[in-house]
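Student: kindly return the folded structure for what I paste below:
(chains A and B)
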Amino acid sequence: MDTEMVRLTAIAQNIAQVARGMGLDFYPVNFEIVPAEALYTFGAYGMPVRFAHWSFGKAFYRMKTQYDLNLSRIYELVINTNPAYAFLLEGNHLTQNKLVIGHVYAHVDFFKNNHYFSHTPKDMVERMTAHAEKIREYEGLYGREKVESTLDAVLAIQEHVDFRSHIGPDYKKDKTPNYPLKNKQTEGAHSCQGPGCQGQGCSTKGTCGSCGNCQQPKVSTREPNKAAARTLRNSTPYEDLWEDLSDKEHEMQPKQDYEDLLYYLIEFSPGLEEWQRDIVSIVREESLYFFPQIETKIINEGWATFWHAKIMRELELTENEALEFSLMHSQVVQPSRMGLNPYYLGVKIWESLAKKKSLEELFELRETENDLSFIRNHLSKELVEELNLFNFRKAGAHWQVTDIDWEKVRDNLVLQLVNGGNPRIVVQEGDYEGKGGLYLKHCHEGVDLDVVYLEKTLTLVQFLWGKAAALETVVDGKPYIFEVSDGLVSRRQKNKADNN
Amino acid sequence: MAEDIIVNHDDWGLHRKGYLDQRRHKEKVEEVIKQQLGDLIVDESIILSDGKKSTKIPMRSLEEFRFKYDLNKKNHTGQGNKKMSPGDILGREQGKGKGSSGSGAGESPGEDIYEAEVTYEDLANILFAELKLPNLDDKKRPLIAHDRPEFNDVRKKGLMANVDKKRTLLESIKRQALQEKEDKDQRLKITPEDLRFKTWETRPNFETNAVILAMMDTSGSMGQFEKYISRTFFFWMVRFLRLKYENVEIRFLAHHTEAKEVTEEEFFTRGESGGTRCSSVYKYALDLIESDYPPAHYNIYPVHFTDGDNIGSDNSRALTLMKNLVEVSQVVGYGEILRTHYSSTLMSTLKRITDPKLRLVTIRDRNEVYDALKAVFS
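Tutor: The predicted model follows:
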């Protein structure tokens, strides 16, 4: 075993040198050889030290079953930190590990240089360890069931975070935008939880100050919605950002939307206890950390695959090794049965770019693009045709091909990548119908929501908000408002009386 | 330049995190099963099997809800291994019938179709945890005790037939090992002192026998549905009682205006026509108890399924006989399988019996079998 470690270390050093020589620029990498079970755990949790939740257990079971049945195999997992951690599957052959190590260095190069990763904390392992400890502590204090049901609800909406929150002037002033609990307004929000407050005090946060208006009679809570929205705006660290965007958005939206549902809940939810707010902020921080990985899946996997092939060609391989390498490489880029293989699509685009552009230019693209722009800018007609890409949809009981026109295929792919593939849900107000309800709006972009999921998820949002929660969306071309109050779901068509 | 690279290979054997959360997921799935028990226990794949093999029912894993797009209303992008053209069919519905027309691409766009499986054992464990055996009459128990020999001691004297060969040999070896070494070549000899005998003690054994008298109305009005319901009920009843008693017998009595004993197969499959006289089967059951199953030695569980459509003039006789039946039995189940909201005159007649050993249930829907089981075994 030890000699194998020594050999592997030598190989890793060699490959690191080759990779640097070719221009890759990465953080130091710690390699760790782990058994399949551990690797699949990390895959399911996204991080070795993440907090416990049954949904990770479910993912783990699924991944491990697929591995046991030989349906799929992860060879490695890289953690985006500095230094980076790479986990290699125990039992990888030496040649496989050569390829994997090259792949890892390219990933780390991408993490280090791609713009979308520039704001992810580089000490995420420590942070997540602390998060996990906190959640364990809460389980001890408040009971496992309570913590679990809070996590169930928060994880259901974990994608609804403002992933561009770091853009804007305030970001530089406030160094810890990911820790909203520490800013004053949140403290204000907590003092706002008296029974008389009804949450409206929360939605007038800006004027709240030391929360004086909690004592005010209820009349003051009947503030016009617009004013409430404005005060809300001013109370957030995104104030200046709103100024920038307002011109553009103003034409479409009569009033300001608030992108960050989780942040909104932390700040204004009348129904959450302190520790629950903390859980929301933990999930939010981790969500912000993971999002760049979600939005760069194709480009990043493509980049790593492109590079491991390039590096392997630089290494002196025996005939057997070369064969083994080709075999594994072709497995990695195998077109997927169930959709698009990001490795395959990504590497194909990078390879086509390499034919036309210099290495310099490629490095520049890996700094500036994410999946969406990568597909939008570089998926060419030739590639769509070469890869036999097509659009399809459900027609009756069948799945039917609808289009093979390259632009339509490309645009459909782009559409699926918008907002990380998640529907865009914004908060419109925190005092709906003057009763402290939360009003969300789905920004319908041509595709309806799954109504069953919508109702269940909205119920969870209502749990977090504590009062009624409503969501406006479009079903079959008609505007609908779904509302959950006391766990009961109702839906009605939106009419002119609803001036929201 | 030399890179500062660390390659580690630690022991990850104690990394159980994934398993712990997986177990939590399983627990949660089991909670869901509990809620759906009523539907699950009437599943054909279990009832029509012999219940010995581990039948598996696909169970959706817990869903993780989120705001997501309706996959059926959305355009997906896929990849084929040949040129496609608009209008090509990729496949039918999700899940089944994968990979037609050589495309292989995305019939099931990212849908979570992972299924946990529930085995018959899982289901039985959950179900039986909810059931209790009623009216175990403690006074009766010594009466059904038999003396049973239990070999639990080894002695130097005893009957030759009960010689313990293994221990005898061991003694012989031990003895000879202690002797002088010149005997070494000699064959192993067994002396009378070496002999060891197994001996027994007699213990009162509470032999537990139970008999189920499965009675069913086979008159014309009992259809497939009614048969299936009763079959489901008896299926779980037999298995539940087998946990509690050493021997569980089941006798099948079919009746219309007259009662007779039939085989299991006939009981569940054959239908007859004619009217209904429930007293006939109660009489038959009482006779059977008298001849074959003395109540002092048997725990008797008569269960009668009918649609309650009894000949009116028979009700009072049925009531008298039922009273007798209740007296000798642990529990009597009377189940009416009905599609209407009214209960029968027989049901209201039987309600006059106040003995809690008589359990009256009405089943209107498949999933009410579960409630019926709980009503009888509580």
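Student: against A:Ser149, how distant is the closest residue to chain B within the stretch 151-300 of chain A?
Tutor: The stretch 151-300 of chain A approaches chain B most closely through A:Ala156 (5.0 Å), counting by CB to the nearest CB. The C-beta positions use only the backbone N, C-alpha and C, and glycine is treated the same way. From A:Ala156 across to A:Ser149, the span is 11 Å (CB to CB, to the nearest Å).
Student: strands paired with whichever strand or helix holds B:Ala254, and their directions?
Tutor: If you go by DSSP states H and E, B:Ala254 is part of strand B:247-255. For strand B:247-255, the paired strands and their directions (DSSP bridges) are strand B:209-217 (parallel), strand B:259-262 (antiparallel).
Student: so in chain B, where's the weakest helix or strand by average pLDDT?
Tutor: strand B:56-60 (a mean of 60; mean pLDDT, DSSP states H and E).
Student: next secondary structure after that one?
Tutor: Downstream of strand B:56-60 (by DSSP H and E), the next one is strand B:76-79.
Student: name the helices or strands packed onto that next one?
Tutor: strand A:389-395, helix A:406-417 (3 or more CB pairs under 8 Å, 6 or more residues apart in numbering or on different chains; DSSP states H and E).
Student: mean confidence score for the longest one?
Tutor: Translated: helix A:406-417. Average pLDDT, helix A:406-417: 92.
Student: do the same with stretch B:296-308
Tutor: Stretch B:296-308 shows an average pLDDT of 84 in the prediction.
Student: dump it to PDB, restricted to CA.
Tutor: C-alpha atoms of stretch B:296-308 as PDB (Å, rounded to 0.1, in the frame of the first residue of the first chain):
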ATOM      1  CA  ALA B 296     -60.400 -26.200  26.800                       C
ATOM      2  CA  HIS B 297     -57.500 -27.000  24.500                       C
ATOM      3  CA  TYR B 298     -58.100 -24.700  21.600                       C
ATOM      4  CA  ASN B 299     -58.200 -21.100  21.000                       C
ATOM      5  CA  ILE B 300     -61.100 -20.700  18.600                       C
ATOM      6  CA  TYR B 301     -61.400 -17.900  16.200                       C
ATOM      7  CA  PRO B 302     -64.500 -18.100  14.100                       C
ATOM      8  CA  VAL B 303     -64.800 -15.400  11.400                       C
ATOM      9  CA  HIS B 304     -67.800 -15.100   9.200                       C
ATOM     10  CA  PHE B 305     -68.000 -13.000   6.000                       C
ATOM     11  CA  THR B 306     -71.300 -12.300   4.400                       C
ATOM     12  CA  ASP B 307     -73.100  -9.600   2.700                       C
ATOM     13  CA  GLY B 308     -75.700  -9.700   5.500                       C
END
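Student: can you give me the helices in the stretch 51-200 of chain A?
Tutor: With helices called from DSSP state H, counting those that start in this stretch, the stretch 51-200 of chain A shows them at A:54-68, A:94-113, A:124-142, A:144-156, A:170-173, A:184-191, A:200-203.
Student: per-residue pLDDT, residue 202?
Tutor: Just so you know, I chose chain A. For A:Cys202, the model assigns a pLDDT of 37.
Student: was after chain B, sorry
Tutor: So B:Thr202 comes in at 77 (pLDDT).
Student: show me the shaky parts of chain B.
Tutor: Along chain B, segments meeting pLDDT under 70 span B:1-4, B:13-14, B:45-61, B:92-118, B:134-147, B:180-186, B:204-207, B:341, B:343.
Student: contacts only, for the residue lying closest to A:Glu159 once chain neighbours are set aside.
Tutor: The shortest distance from A:Glu159 to any non-neighbouring residue, by CB to CB, 6 or more residues apart in numbering or on different chains, is to A:Asn422 (4.3 Å). Counting by CB atoms under 8 Å, 6 or more residues apart in numbering or on different chains, A:Asn422 makes contact with A:159-160, B:66-68.
Student: if you rank the residues you listed by neighbours, which is first?
Tutor: Ranked by neighbour count (other CB atoms under 10 Å in any protein chain shown), the contacts of A:Asn422 have A:His160 at the top, with 28 neighbours.
Student: so what does the residue nearest to A:Glu159 have for phi and psi?
Tutor: In this entry, A:Asn422 is assigned phi and psi values of phi -100, psi 150 (degrees, to the nearest 10).
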